[in-house]
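In: quick one: sequence and predicted model below, then my questions.
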Amino acid sequence: MAEQQNTNIRRRKVMQVNLKLASEQLYLFMRKEGSVTLGAFERIGSLIKMLANNPPLQQQLTAWVDALFEEENKELVKMQAQKDVLAKSLTVDLPPVSVPDSYQIDIEVAHPIYWRFIELIQALDGLLDEVEVLWLAGVADDDNLESARRQAITIIRRTSMKIFTVTAPGKREGGKFDPSKFIAALKLGAIGGAAIDEAEPTTKAQTTDEQGEVAISPDSAESEVIAKAS
């Protein structure tokens, strides 16, 4: 019994964040893959913290993260433009839309980098919600809805997989993530180089979901982050 209780002991200080969502599609995705996605940010946050005593390397890593989010923000702009085109067809005021109270996820923020991810999720949630409302109103069709869903999920998965791929350079023979290999590669200037930036996620770290899409499933057993549906 004592051993069971010890497994529930928290080993670090975290901020409990309850994120309410309006998009059904995003809520379903986060309920299914949220813990894996957040595992990427648990890893990058741990690495940034680990490099606190080496400012040049820490700056190199944070600059890469900034560039990563800058690219994804460009995709958000494209999604916004596509949604705006659909919205132009709306000529009447719409009645209220009911969103289930269960559309929320709990996030344990263990590092400030999590807020970058939370901001991304909130932006995607707003866009998807608007497309879903346009679909309910008969303005957007099934293809529009599915296209928006795929774009949003691709942005989240691509962000996570780039983090997992870049922070695990070289061939990995099972076991837990070894930060020493990543730091060694960072010292050699690997982060930001074409060989790393253009690397494709390994097929070993991918599965296919029921929609035929590639779903991320890296070995994130070391992650203590949990995203759960409330």
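Out: The structure has been received and is ready for your questions. Values in this document were obtained by computation on a predicted structure and should not be read as measured data.
In: for the nearest residue to Arg158 once chain neighbours are set aside, what are its contacts?
Out: Excluding its sequence neighbours, the residue lying closest to Arg158 (C-beta to C-beta, 6 or more residues apart in numbering) is Glu72, at 7.4 Å. For glycine as for every other residue, the C-beta is placed from the backbone atoms N, C-alpha and C. The contact partners of Glu72, taken as C-beta atoms under 8 Å, 6 or more residues apart in numbering, are Leu120, Ile155, Arg158, Thr159.
In: so the second one is in which element?
Out: Remark: Ile155 resides in helix 142-166, with elements defined by DSSP states H and E.
In: quick check on Ala110: phi, psi?
Out: phi -110, psi -10 (degrees, to the nearest 10).
In: in this structure it contacts Ile44, no?
Out: No: Ala110 is beyond contact range of Ile44, at 11.1 Å (criterion: C-beta atoms under 8 Å).
In: neighbour-wise, which of the two wins?
Out: Between Ala110 and Ile44, counted using other C-beta atoms under 10 Å, Ile44 has the larger neighbour count: 25 against 20.
In: low-confidence regions, the protein specifically.
Out: Filtered on pLDDT under 70, the chain yields the residue ranges 1-10, 169-179, 181, 189-230.
In: tell me the secondary structure at His111.
Out: Taking DSSP: H, G, I helix; E, B strand; the rest coil as the rule, one finds His111 in the coil state.
In: could we number from 36 for the rest of this?
Out: Happy to do that; since the first residue is 36 now, the last one works out to His146.
In: what is the neighbour count of Val134?
Out: Using other C-beta under 10 Å, Val134 is surrounded by 16 other residues.
In: scratch that, Arg151
Out: 18.
In: what do you get for the one 4 residues further on?
Out: For Leu155, the tally of surrounding residues (other C-beta under 10 Å) stands at 18.
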